[in-house]
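Q: How does the following fold in three dimensions:
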Amino acid sequence: MRFDSIARPLAGSCLGRRSIGSARGNLLSLLCGSMILLAGALRGAADLPTLWAERLKCVVAVEYVTETEADRRPTVSMGTVIDANGTIILASGAIDPRAATCQLKDFKVYLPGGAVGVDAVYLGQDAYTGWHFVRVNESLRTQLVAVTAFAAKDATAVPALADFVWGIGLRNKDEDFAPYIMQSNLALIQTLPQRTGITQREVAAPGLPVFDREGALVGLAAASFGQSYLQFSPGNRSSPILLINVEESSAFILAQEILPFLNRVPKNISGRPLAWLGAYGLEPMDRDVAKFLNLSAQSGAVVSEVLEESPAERAGLKARDIVLALDGKPLPQLKPDRAVVTYIEREVDRRVPGATLAMTVLRGAERIELKAVLGEEPKLMREAERKYFDRIGLTTREFVYGDAIERRVKATAAPGVIVHFVKPSSPVAVAGIRQEDWIREIDGVEVKTFVAAIAKLAEIERDQARAEFVLLVARGGDTAVLRIKLK
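A: As a prediction, the model looks like this:
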């Protein structure tokens, strides 16, 4: 189907309604005139079926299984091919950040319209872009085309408002990932902090490319923005609701923000090395505060907390400091204000441990220059060791730095283990143990290390004669002693 075959019937249907009221008729005349102009413009466009067939080769569906203690949960996401080696990128939300990498199994890649998957390997996540990287088996690579083959000659070119754009969506697995086309026009470009195009309606599935009229890559679809609606009840009452389309998106990151970073393939499945600053809880500077400090023309981020033994602490950064510049460059003024926090986080993520980050901060009425040598990110929750005990009915995982932050305690003085999983109807479930509980003591003995905890629980698990044991757990700000009955 050509573009003009879509536009012509629409224009014709408009021309048949000019007899409706003078004001409405004038409006329809304007709309019909616009449709006629659009139809003429589309007739000069490149042949859509040809563009479609070529560009379909750079998109795939990726299926994987998250293997938990209780089940195997299949997940499907859409991916874009980035090179001749069969490397595929998935959007940051494609994989649960709390899932351990060892739980991710059986990656398979499907061609659009394909019923049979080909084995693939998970390569890890890049912290800066947020992309997950997957590499498919060689047997499928000859049927794929890297999205870079469709890059515009001028990679810095930015589409203009109202430009026509189109993209690809894929149906579900039970429909063999049948591909379909989406079309729209560019309504707005924002810096969030990546330059992001927003279209009038959904234009592609999250993680899949967006093209212009001539088939040149203009961006990669991001997670869809939510839209607010009013929901009315029979009692004439209404309440606002937020609806999010998880399968289609009306937002895309511009190509100039995508193409330079396609080579950031993780060196290992954990994505390390990961740079770390340790300035926690950054918040955009309040506009009234900025006005009071004569900083209305300046963007800034307020530091809520400086983490213990972090590069930020060693550099002298303090809580309530206002970060104004990085490496001598003032923070950009972005809308919404919250985007400046993401900008700072990305500036850290794009560096490596050992790199120096210069910061200009406002402390009271004084501007101070600080230099932080970035460190290696402490062990993440997804990297934490964990152990499942079937008879007891729980999985415990290692207490990591992020747990200390969540619980507002010092990491150096925080023994214990975290409950990662609770088996339904198990002894611990009946006793009231919940996921994310913090186990401090087992049978009255303080848990000082993960190794000590699993050794004690393994001893209890093996003892078939044991009828019960006791756990001291912390939840929120409360502590409780729970008796676990095994018989």
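
Q: Next, count neighbours for residue 343.
A: 19 (other Cβ atoms under 10 Å). Backbone N, C-alpha and C define where each C-beta goes, glycine included.

Q: quick one: contacts for residue 336?
A: residue 192 (Cβ atoms under 8 Å, 6 or more residues apart in numbering).

Q: confidence score at it?
A: Note for residue 336: predicted pLDDT of 90.

Q: what does residue 214 give?
A: 94.

Q: Name the helix or strand for it, please.
A: Using DSSP states H and E, residue 214 sits in no helix or strand.

Q: State the phi and psi torsions of it.
A: Dihedral angles of residue 214 (phi, psi; degrees, to the nearest 10) stand at phi -90, psi 0.

Q: switch to numbering from 861
A: With the count now opening at 861, the last piece we talked about shows up as residue 1074.

Q: quick one: it from residue 1025, how far?
A: 11 Å (Cβ to Cβ, to the nearest Å).

Q: Which one's more surrounded, these two?
A: Using other Cβ under 10 Å as the criterion, residue 1074 and residue 1025 rank with residue 1025 on top: 22 against 10.

Q: did I read that right, the more buried one in a strand?
A: Yes - checked against DSSP: H, G, I helix; E, B strand; the rest coil, residue 1025 lies within a strand.

Q: what comes up buried for stretch 1258-1269?
A: 1258-1265, 1267 (16 or more other Cβ atoms under 10 Å).

Q: ugh, wrong one, stretch 1318-1325
A: For stretch 1318-1325, by 16+ other Cβ under 10 Å, it's residue 1320.

Q: Contacts for that stretch, please.
A: Here stretch 1318-1325 has contacts from 1247, 1249-1252, 1302-1303, 1326, 1329, 1346, using Cβ under 8 Å, 6+ apart.

Q: what's the answer for stretch 1282-1299, then?
A: Outside stretch 1282-1299, the residues that reach it (Cβ under 8 Å, 6+ apart) are 929-930, 1250-1254, 1256, 1259, 1263, 1267, 1276-1281, 1307, 1313, 1331-1335, 1342-1346.

Q: do the same with stretch 1217-1228
A: 1137, 1153, 1155, 1160, 1163, 1175-1178, 1180-1188, 1207-1208, 1211, 1229-1232, 1234.

Q: Emit the PyMOL select command for whichever of the residues you listed are buried.
A: In PyMOL, a selection of the buried entries from those looks like this (16+ other Cβ under 10 Å):
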select buried, resi 1137+1155+1160+1163+1175+1176+1177+1181+1182+1183+1184+1185+1186+1207+1208+1211+1230+1232+1234
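
Q: And this structure, what are its domain boundaries?
A: Per automatic domain parsing, the structural domains of the chain span 863-904, 906-1131, 1135-1236, 1244-1345.

Q: Quick one: end-to-end distance for the last one.
A: Start to finish, the residues bounding domain 1244-1345 are 28 Å apart (Cα to Cα, to the nearest Å).

Q: From the chain's centre, how far out is that domain? Work that out for me.
A: In terms of Cα atoms, centre = their mean, to the nearest Å, the centre of domain 1244-1345 is found 30 Å from the chain centre.

Q: How about the second one?
A: Relative to the mean C-alpha coordinate of its chain, domain 906-1131 is positioned 11 Å out (Cα atoms, centre = their mean).

Q: Where does pLDDT dip in the protein?
A: 861-906, 1093, 1095-1097 (pLDDT under 70).

Q: which strand is the longest one in it?
A: strand 1039-1051 (DSSP state E).

Q: Only the C-alpha atoms, please, for that one, written as CSV.
A: The C-alpha trace of strand 1039-1051 is given here as CSV (Å, rounded to 0.1, in the frame of the first residue of the first chain):
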residue,chain,number,x,y,z
PRO,A,1039,4.7,-6.8,12.2
TYR,A,1040,2.5,-3.8,11.7
ILE,A,1041,3.1,-0.2,10.8
MET,A,1042,2.4,3.0,12.8
GLN,A,1043,2.5,6.5,11.5
SER,A,1044,2.4,10.0,13.0
ASN,A,1045,3.7,13.5,12.9
LEU,A,1046,6.3,15.1,15.2
ALA,A,1047,4.5,17.3,17.7
LEU,A,1048,7.3,18.4,20.1
ILE,A,1049,11.0,18.0,20.8
GLN,A,1050,12.2,18.1,24.4
THR,A,1051,15.5,17.6,26.2
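
Q: Check which helices and strands it sits against.
A: strand 1024-1030, strand 1055-1059 (3 or more Cβ pairs under 8 Å, 6 or more residues apart in numbering; DSSP states H and E).

Q: Kindly recompute the last result at 10 Å.
A: Using 3 or more Cβ pairs under 10 Å, 6 or more residues apart in numbering; DSSP states H and E, the elements in contact with strand 1039-1051 are helix 908-915, strand 1024-1030, strand 1055-1059, strand 1069-1072, strand 1077-1081, strand 1111-1114, helix 1199-1209.

Q: buried ones in the first one?
A: Translated: helix 908-915. Buried residues in helix 908-915 (16+ other Cβ under 10 Å): 908, 911-912, 915.

Q: circling back: drop anything exposed from the contacts of stretch 1282-1299.
A: Applying 16+ other Cβ under 10 Å to those flags 929, 1252-1254, 1256, 1259, 1263, 1267, 1276-1280, 1307, 1313, 1331-1333, 1344, 1346 as buried.

Q: Show only the entries of those found in helices.
A: Counting by DSSP state H, the part of these found in helices is 1263, 1267, 1313.

Q: now those in JSON lines, with distance to residue 1083?
A: What follows is those, written out as JSON lines (distance: Cβ to Cβ, whole Å):
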{"residue": "1263", "distance to residue 1083": "27"}
{"residue": "1267", "distance to residue 1083": "29"}
{"residue": "1313", "distance to residue 1083": "37"}
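
Q: and of the residues you listed, the nearest to residue 1148?
A: Among those, residue 1267 lies closest to residue 1148 (Cβ to Cβ), at 32.6 Å.
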